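Undergrad: Can you look at this prediction? I've put the sequence above it.
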Amino acid sequence: MATTENEKKFRAGELSNLLEISKKTLYSLEAQGFIPSVPRDWRGWRLYDNSHFRAIQEYQASKRKTH
C-alpha cells in the first residue's frame, strides 16, 4: 500500500498503546520480520503507519488462533 501525505503516522508509544502491547514487543516484531521495516523521521524516531497497524493486528489474530 502506498502511503500518502495525509495518512496517520504513529510513534511507537502511540501505536503500542492502541494495540495494548509494549514498545519492546513492537520493536521485536519489527526485528523478527513480522511487520514491515519502519521508516524513521529526521530525529530517528520510528513512524508507523496504517500498514504496520494492520500487520500487527493480523499477527495478534494469528497468535490467538493457535492458542
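TA: On my side now, so go ahead.

Undergrad: Wait, L15 touches F53, no?
TA: Yes: here L15 reaches F53: they are 6.6 Å apart, a contact under C-beta atoms under 8 Å. Bear in mind the C-beta positions are built from the backbone N, C-alpha and C, glycine included.

Undergrad: The closest residue to Q57 other than its chain neighbours: how many residues sit nearby?
TA: Leaving aside its sequence neighbours, Q57 sits nearest to L19 (C-beta to C-beta, 6 or more residues apart in numbering; 7.2 Å). A count of neighbours around L19, defined by other C-beta atoms under 10 Å, yields 19.

Undergrad: tell me the contacts of K8?
TA: D49, N50 (C-beta atoms under 8 Å, 6 or more residues apart in numbering).

Undergrad: again, but for Y48
TA: With C-beta under 8 Å, 6+ apart, Y48 has these contacts: K9, F10, R11, A12, L15, V38.

Undergrad: of those residues, buried ones?
TA: Applying 16 or more other C-beta atoms under 10 Å to these, the neighbour count classes K9, F10, A12, L15, V38 as buried.

Undergrad: What ranges does the chain have for its strands?
TA: Using DSSP state E, no strands are found in the chain.

Undergrad: Distance of the residue nearest to the spatial centre of the chain relative to N17?
TA: Among the residues of the chain, the one closest to the centroid is H52, at 3.9 Å (C-alpha atoms, centre = their mean). Per C-beta to C-beta, to the nearest Å, H52 is found 14 Å from N17.

Undergrad: and what of F53?
TA: 12 Å.

Undergrad: higher neighbour count, the two?
TA: F53 (16 against 13).

Undergrad: residue contacts, that one?
TA: F53 makes contact with F10, L15, L18, L19 under the criterion C-beta under 8 Å, 6+ apart.

Undergrad: ok, now K23?
TA: Taking C-beta under 8 Å, 6+ apart, one finds A12, G13, S16 in contact with K23.

Undergrad: Tabulate the CA atom coordinates of stretch 13-22 in CSV.
TA: C-alpha atoms of stretch 13-22 as CSV (Å, rounded to 0.1, in the frame of the first residue of the first chain):
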residue,chain,number,x,y,z
GLY,A,13,4.3,4.8,22.2
GLU,A,14,1.0,5.7,20.4
LEU,A,15,0.9,2.5,18.5
SER,A,16,1.8,0.3,21.4
ASN,A,17,-0.9,1.9,23.5
LEU,A,18,-3.5,1.4,20.7
LEU,A,19,-2.6,-2.2,20.3
GLU,A,20,-2.1,-2.8,24.1
ILE,A,21,1.5,-4.1,23.7
SER,A,22,4.8,-2.9,25.0
